[in-house]
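*Asks:* mind folding the following:
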Amino acid sequence: MSMPNLSVFPLLLGAALAQGPCHDLLALPSIQQDVLTTFPLSGSNCLRVDQHGLPAYAQAVGQFTLPTVVPIASATKTLSAAVLMTLVDDGVLTLDDPVGQWLPEWNVGAKAAITLRMCFTHTSGMVESHPLISDDTVTLRQAAQQLANVPLAYVPGSAFAYGGVSMHVAGAVCEVASGQAWNALFQQRIAGPLGMQATDYAAFGATPNPRIAGGAQSNLGDFAAFVDMLRNGGSRNGVTVLSPAAVDLMLTDQTSWLPILATPHPDAAPYGIGMWLERRDATGATTLAHAAGAFGFIGWVDRAHDASGVFVVRSSNQLTFPFVQRVWQACDDALLPTGVTCLGAPSPACAGGGWANGSTAARAGTIDFALLAAQAPPDSIAALLLGDPLPAGVPVVDLVAYLGPAAVFATVQASADGRARVPASLVGIAPGTVVAAQFAWLAADPCAGFGLQASHAVRVTVLP
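*Replies:* Next up, the predicted model:
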C-alpha cells in the first residue's frame, strides 16, 4: 500500500504482551447511566448494538427492562416507509405515483402534483400538522379525504418542511391501493415476518385512524430486528421483507438541495424515504441513518461498521440526542469494520493502552477510508506506522510492534479526548493488499521509561 509523506521514525519496542481483545463497548454503560443521572425522572433507558447481525451489547438502566414498550413518536415514520416500500417492491405503487391517482379528492390544482415520494420526504407542500391525523372519530381514509380541503403551505416539491400530514395521506393511498387496512398491512408485511410482537400503531390507544407518522409503540428487541433487516439489505434470518434496492432508496438523499422551512434535526441533516441521513461518505452514499422520535427513541443503521442499534427512552429527543451521538462515537472507536482485524495489545501494559481502528469497510477505491486512534494520551503527538503484519509481535525496549519494517506516513496530534484520524484513501489500492497499522505516542508517563506508548495494531485487508 502506497501512502504519501513517508518519513523515518525510530520505533523502540519492549517486552511482548499476551494478546487480548483490542476493543470493547464498556463506554456504553456509563453513557446510559449519564442519561439517567442527568434526567432522573425520565432517563430510564435501554440500549442495544448489533454487528454483523449478532448482538454486541444490550443493557437496561433505571426502571426500564429490555422488553419495556414505549411510544416511538416519529421513529414510526421509518416503519411506515418500510410498509410503503414493500408495495413499491410488489409493483402495487411507485414512489412517483401522484396521490390523486389513488385519492381522487387530491387530483385538483397544485395538489395534483403531489407524489408519494414527496409525502415521505416532507416535500409535499402540505401543512406540517393537523388535528385530523390524531382524530379517533374518523378512519384513515376519511382523514385523508378531509385533509384535501386544507390549503397547501408551499408549492409541492419546492422545499423541505418536516411534519406528519403528508405521510398520513400517503398511508391512506397504501390502504386503497392494497385493499387492506393499515394495521393489517403492517402486520403482514413488517411485524409478522420480523417477529415484532410488541410493535403496533396503538401507542395512544386503539384507533381506526392510525397515526402513520407518529403513532407506533415498540421495544428494544422488536426495533432491533427492524433496523437489522435494513442493515442487511432487507432480509433477516432468511426472511426477505424489502429488496436491497428499496432499502437503498430509503437511505438515499432526497432533500439536501431544497430550502428548509422546518426541521427538528439539530444539524439540519438531509432526509431519505422516512429516515434521517446522519452521515454520508465522499461519494454521497449514506453510512449512518436513523429513525428518531420526539420522545428520544432512536434506531439506526451503521453501514460503515455493518452494525445497527436502538436506544429506548421516554424523554425528549432534544435532551437525549447528544447522548446518542456519544454512543455512535463509542461504536466508531470499538467496532471493527469489515476488512479490519486486531493484532496484539497496547504497550507498555502499565500505560493503559490506546486503540487503533479503521473508519469504514476496507474496500478498494474507498476514497475516505481513514485509520483511527482512540484512548490515546490527550493532546499527544501520534505517529502512524505501516508494515507487514506480525501476529506474534516483536519486543524492543518498552513497546511491542505487530508490524514489520515500518515507516511513518503521518504524524497527527491526538485531541483532548484522545482521538486521532489519519486519512488513508484506498483509491488505486489493489484488492487483496494487506498491511498492518499501529499508532505510537510521545507521552510523559511514569511507567514508560522512554516516554512512548503504542496501540495494538490492526490488519487491513483491502476487499474488492
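*Asks:* secondary structure class of the closest residue to Ala27 other than its chain neighbours, three-state.
*Replies:* Closest residue in space to Ala27, ignoring its immediate chain neighbours: Ala330 at 4.1 Å, by CB to CB, 6 or more residues apart in numbering. All C-beta spots, glycine's among them, are computed from the backbone N, C-alpha and C. Three-state assignment for Ala330 (DSSP: H, G, I helix; E, B strand; the rest coil): helix.
*Asks:* ok, Ala330 to Asn107 distance?
*Replies:* Distance, Ala330 to Asn107, by CB to CB, to the nearest Å: 50 Å.
*Asks:* of these two, give the one with the bigger neighbour count.
*Replies:* Ala330 (21 against 16; other CB atoms under 10 Å).
*Asks:* my guess is that one contacts Leu28, does it?
*Replies:* Yes - in this structure Ala330 lies within contact range of Leu28 using CB atoms under 8 Å: 5.8 Å.
*Asks:* element containing the residue nearest to Met250 when sequence neighbours are not counted, please.
*Replies:* Of all residues not flanking Met250 in the chain, Ile273 sits nearest, at 4.3 Å (CB to CB, 6+ apart). Counting by DSSP states H and E, no helix or strand carries Ile273.
*Asks:* again, but for the one 4 residues further on
*Replies:* If you go by DSSP H and E, Leu277 is part of strand 276-280.
*Asks:* can you show me the CA trace of that strand as PDB?
*Replies:* The C-alpha atoms that make up strand 276-280 are tabulated as PDB, following Å, rounded to 0.1, in the frame of the first residue of the first chain:
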ATOM      1  CA  TRP A 276     -32.600  10.900   8.600                       C
ATOM      2  CA  LEU A 277     -29.300  10.600   6.800                       C
ATOM      3  CA  GLU A 278     -26.800  11.300   9.600                       C
ATOM      4  CA  ARG A 279     -23.500  10.600   7.800                       C
ATOM      5  CA  ARG A 280     -22.500  10.200   4.100                       C
END
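*Asks:* in the least confident helix or strand in the chain by mean pLDDT, which residues are buried?
*Replies:* Lowest by mean pLDDT, DSSP states H and E among the helices and strands of the chain is strand 407-413, with a mean of 86. Residues of strand 407-413 classed as buried by neighbour count (16 or more other CB atoms under 10 Å): Val408, Phe409, Ala410, Thr411, Val412.
*Asks:* tell me the first helix or strand C-terminal of that strand.
*Replies:* Following strand 407-413 toward the C-terminus (DSSP H and E): strand 420-423.
*Asks:* can you list contacts of that following strand?
*Replies:* By CB atoms under 8 Å, 6 or more residues apart in numbering, the residues outside strand 420-423 that reach it are 359, 368-373, 376, 382, 384, 410, 412-414, 439.
*Asks:* same thing but at 10 Å, please
*Replies:* 3-4, 332, 354, 356-357, 359, 367-374, 376, 380-384, 409-415, 437, 439, 441 (CB atoms under 10 Å, 6 or more residues apart in numbering).
*Asks:* so, low pLDDT: which residues of the stretch 151-300 of the chain?
*Replies:* Applying pLDDT under 70 to the stretch 151-300 of the chain flags no residue at all.
*Asks:* for it, what spans make up the helices?
*Replies:* 165-178, 182-186, 192-194, 220-231, 244-250 (DSSP state H, counting those that start in this stretch).
*Asks:* out of those, which comes closest to Phe39?
*Replies:* Taking CB to CB, helix 220-231 is the member of the helices of the stretch 151-300 of the chain nearest to Phe39, at 18.5 Å.
*Asks:* ok now that closest one, how far from the chain's centre?
*Replies:* 12 Å (CA atoms, centre = their mean, to the nearest Å).
*Asks:* again with stretch 346-365
*Replies:* On CA atoms, centre = their mean, the centre of stretch 346-365 falls 21 Å from the chain's centre.
*Asks:* so which bits of it are buried?
*Replies:* 346-348, 351, 353-364.
*Asks:* hey, C-alpha coordinates of it in PDB?
*Replies:* Output in PDB follows, covering the C-alpha atoms of stretch 346-365 (Å, rounded to 0.1, in the frame of the first residue of the first chain):
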ATOM      1  CA  PRO A 346      -1.300  -2.000  23.600                       C
ATOM      2  CA  SER A 347       2.100  -1.500  25.200                       C
ATOM      3  CA  PRO A 348       3.500  -0.900  27.700                       C
ATOM      4  CA  ALA A 349       0.900  -2.600  29.800                       C
ATOM      5  CA  CYS A 350       1.200  -0.100  32.600                       C
ATOM      6  CA  ALA A 351       0.200   2.800  30.300                       C
ATOM      7  CA  GLY A 352      -3.500   1.700  29.900                       C
ATOM      8  CA  GLY A 353      -3.100   1.500  26.100                       C
ATOM      9  CA  GLY A 354      -4.700   3.000  23.100                       C
ATOM     10  CA  TRP A 355      -6.800   1.700  20.300                       C
ATOM     11  CA  ALA A 356      -6.300   1.600  16.500                       C
ATOM     12  CA  ASN A 357      -9.200   1.100  14.100                       C
ATOM     13  CA  GLY A 358     -10.500   1.800  10.600                       C
ATOM     14  CA  SER A 359     -13.300   4.200   9.800                       C
ATOM     15  CA  THR A 360     -15.200   2.000   7.400                       C
ATOM     16  CA  ALA A 361     -15.000  -1.200   5.400                       C
ATOM     17  CA  ALA A 362     -11.700  -1.500   3.700                       C
ATOM     18  CA  ARG A 363     -12.800  -1.800   0.100                       C
ATOM     19  CA  ALA A 364     -10.600  -0.900  -2.900                       C
ATOM     20  CA  GLY A 365     -11.500   2.500  -4.200                       C
END
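*Asks:* output the contacting helices and strands for the strand or helix carrying Val88.
*Replies:* Using DSSP H and E, Val88 falls within helix 76-89. Judged by 3 or more CB pairs under 10 Å, 6 or more residues apart in numbering; DSSP states H and E, the packing partners of helix 76-89 are helix 116-119, helix 165-178, helix 182-186, strand 217-218, helix 220-231, helix 244-250, strand 286-292, strand 298-302.
*Asks:* okay, the last one in CSV with CA atoms only?
*Replies:* In this case it means strand 298-302. The C-alpha trace of strand 298-302 is given here as CSV (Å, rounded to 0.1, in the frame of the first residue of the first chain):
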residue,chain,number,x,y,z
ILE,A,298,-34.0,6.2,18.1
GLY,A,299,-32.9,3.3,15.9
TRP,A,300,-30.1,3.4,13.5
VAL,A,301,-28.3,1.6,10.6
ASP,A,302,-24.5,2.0,10.6
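*Asks:* tally of neighbours for Ile212?
*Replies:* 33.
*Asks:* that one is in contact with Gly163, isn't it?
*Replies:* No - with contact defined as CB atoms under 10 Å, Ile212 and Gly163 do not form a contacting pair (11.7 Å).
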